[in-house]
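Q: I would like to see how this sequence folds:
(one chain, ligands or ions: 2)
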Amino acid sequence: KKDVDNLIGIHCIAHREALAASDAAKKIPELLFVEKLANKFKMVKDMQLNIKKIVNLDDLAAGHNKRRIIQQAIFNELCKMMDPGKTPYTPKKGRPNVIMFVGLQGSGKTTTCTKYAYHYQRKGWKPALVCADTFRAGAFDQLKQNATKAKIPFYGSYTESDPVKISQEGVDRFKEENCDLIIVDTSGRHKQEAALFEEMRQVSEATKPDLVIFVMDSSIGQAAFDQAQAFKQSVSVGAVIITKMDGHAKGGGALSAVAATKSPVIFIGTGEHMDEFEIFDVKPFVSRLLGMGDWSGFMNKIHEVMPTDQQPELLQKLSEGTFTLRIMYEQFQNILQMGPLNQVFSMIPGFSAELMPKGQEKESQARIKKFMTMMDSMTNDELDSANQKLMTESRILRVARGAGRAVKEVKEMLEEYKRLGKVWSKMKGLKIPKKGDMSAL
Ligand code: GDP
Ligand code: MG
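A: Ligands and ions are numbered 1, 2, ... in the order given. Coordinates of the predicted model:
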């Protein structure tokens, strides 16, 4: 029972539901606060109850991996929380579908509008973009630039300051031109302001969108609940897109956005480029949220880039949990071959942040290669030993001399080995899904 409470505590409270609630207390009138508090705690309470129902530790025979069972239960509960039980609106062929994007400034609306348009354009749709952001200077230029790049028709104005008028004109024009996916990009503010929500309400009334998409930055955390709720109160949000999932943020705020809007997440943004956009998949998302890494993404990548005959061996090693320097060496080799490095790394729990900081892929690659040359000066015994104490000062000195590197550098490599070993050992006993069978997670 203590374990369950602890783990639930770690995972739920770590999402700072409780903290956010007490923070909110400072900002909002009491009545609203009580209601919100109940809402927020209810999410946590429900989850706790469900997990306790599922995991009855007293009934488990000795030898069961309790931690894993609890993790699995939490995993399933979080997956459920990401599913509001409602399928999102999908554009219908043969008619103009109007999609309106809302979100605070900087959340990624304009970028995401183009990605969304481009995604459908590649599937044979005829999208068009309308810039109803008259608030930010340069907003129209930004949309124009994106749209031109993707060869998508656009509409906007440098002089007209009424977003309602522009959006209506734009939507009407593209309806006449038989576009079947008319996307309305709106303005944002840095804060949630009454004027913004009134503007959203009016634009929505004028354009009658089939779907309103709430765009949120993956790093906003608990602010997501209030933000999403505020938008939901002025326009009928029907779907959520999380942006900047290529960064370090895990996107936990999405749980709150889903709860506040009762709408599903449909896509995630994974970069600044047009094609860095993925259909939302709940399991890899939740794995990442729990620090379990994006296993299905990782596995797919492995299946994609690794010779089939080498796969079982790697997976076997992973599930055994023993991590030797030779394994690290082989993994470095694999990683160097795997293409867009940062993507692969971000999928492996614990590997990404330090080993491969974003924007420093070249340097990181050089560092990995340097590590590998040092390992080339090691003996087979050293490479194959699982004993981390084997590398004594004298051995370190020998390796440093052999590789023409400083002792400090060899130690740095061994530190990395220790760190990755910790990550690796977490995978022990992991049931690794086969391609196309991610349900084993
Ligand atoms: P808006 O104010 O809501 O329209 O936000 P923008 O579309 O202008 O985006 C704000 C910033 O976030 C820009 O610099 C974008 O390039 C960046 N951005 C948007 N989506 C992503 C993403 O998925 N990943 C990354 N790394 N950057 C993004
Ligand atoms: Mg914008």
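
Q: contact distance from ligand 1 - what residues of the stretch 101-250 of the chain qualify?
A: 103, 105-111, 188, 243-244, 246-247 (Cβ under 6 Å from any ligand atom). C-betas here are computed from N, CA, C, even on glycine.

Q: among those, name the buried ones.
A: Gly103, Gln105, Ser107, Gly108, Lys109, Thr110, Thr111, Gly188, Thr243, Lys244, Asp246 (16 or more other Cβ atoms under 10 Å).

Q: just checking: which of those also lie near ligand 2?
A: The subset of those within reach of ligand 2, by Cβ under 5 Å from the ion, is Lys109, Thr110.

Q: would TSV of the buried ones among the residues of the stretch 101-250 of the chain next to ligand 1 with distance to Lys80 be doable?
A: Listed next are those as TSV, based on distance: Cβ to Cβ, whole Å:
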residue	distance to Lys80
Gly103	25
Gln105	32
Ser107	26
Gly108	27
Lys109	28
Thr110	33
Thr111	30
Gly188	31
Thr243	24
Lys244	25
Asp246	26
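
Q: inside helices: which ones of the buried ones among the residues of the stretch 101-250 of the chain next to ligand 1?
A: Lys109, Thr110, Thr111 (DSSP state H).

Q: just curious, which of the residues you listed is nearest to Thr322?
A: Thr111 (43.7 Å; Cβ to Cβ).

Q: isn't that closest one up against Thr243?
A: Yes - using Cβ atoms under 8 Å, Thr111 is in contact with Thr243, at 7.2 Å.

Q: joint contacts of the two?
A: Residues within reach of Thr111 and of Thr243 at once, by Cβ atoms under 8 Å, 6 or more residues apart in numbering, are Gly269.

Q: ok, back up a step: redo the ones in helices among the buried ones among the residues of the stretch 101-250 of the chain next to ligand 1 as a markdown table? Include pLDDT.
A: Shown next, in a markdown table, are these (pLDDT from 0 to 100):
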| residue | pLDDT |
| --- | --- |
| Lys109 | 96 |
| Thr110 | 96 |
| Thr111 | 97 |
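
Q: how would you label Ser263: helix, strand or coil?
A: coil (DSSP: H, G, I helix; E, B strand; the rest coil).

Q: how close does it get to ligand 2?
A: To ligand 2, Ser263 is 21 Å away according to Cβ to the ion, to the nearest Å.

Q: next, count neighbours for that residue.
A: Ser263 is flanked by 24 other residues according to other Cβ atoms under 10 Å.

Q: tell me the pLDDT at it?
A: What the model reports as pLDDT for Ser263 is 96.

Q: export stretch 90-97 as CSV, just CAs?
A: Extracted in CSV, the C-alpha atoms of stretch 90-97 (Å, rounded to 0.1, in the frame of the first residue of the first chain):
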residue,chain,number,x,y,z
THR,A,90,-12.2,15.1,-39.1
PRO,A,91,-12.5,17.2,-42.3
LYS,A,92,-15.1,15.9,-44.7
LYS,A,93,-14.4,15.7,-48.5
GLY,A,94,-16.5,17.6,-50.9
ARG,A,95,-17.3,20.6,-48.7
PRO,A,96,-15.4,23.5,-47.3
ASN,A,97,-14.2,22.6,-43.8
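
Q: what's the local residue count around Ala223?
A: Around Ala223 there are 19 residues (other Cβ under 10 Å).

Q: to clarify, my last question referred to Leu390.
A: Other residues close to Leu390 by other Cβ under 10 Å number 12.

Q: which of the three states applies to the closest residue to Asn97 other than its chain neighbours?
A: Nearest non-adjacent residue to Asn97, counting by Cβ to Cβ, 6 or more residues apart in numbering: Pro91, 4.0 Å away. Classification of Pro91 by three-state DSSP places it in coil.

Q: Pro91: what's it in contact with?
A: Asn97, Ile99, Tyr120, Trp125, Asp180, Leu181, Asp210, Leu211.

Q: distance of it from Asp275?
A: 19 Å (Cβ to Cβ, to the nearest Å).

Q: same thing with Arg395?
A: 48 Å.

Q: and the residue of this protein closest to ligand 1?
A: Gly269 (2.7 Å; Cβ to the nearest ligand atom).

Q: on that earlier part again, out of Arg395 and Asp275, which sits in the more crowded spot?
A: Arg395 (15 against 12).

Q: was I right to think that one contacts Leu383?
A: No - contact criterion Cβ under 8 Å: Arg395 and Leu383 do not qualify, at 11.8 Å.

Q: pLDDT weak spots in the stretch 1-150 of the chain?
A: 1-45, 47-48, 51-52, 55-71 (pLDDT under 70).

Q: show me where it has its helices.
A: 2-8, 17-27, 30-54, 66-81, 109-121, 139-149 (DSSP state H, counting those that start in this stretch).

Q: got it, and the stretch 301-441 of the chain?
A: Using DSSP H, counting those that start in this stretch, helices in the stretch 301-441 of the chain cover 311-320, 325-337, 341-347, 352-355, 361-375, 380-384, 393-403, 407-425.
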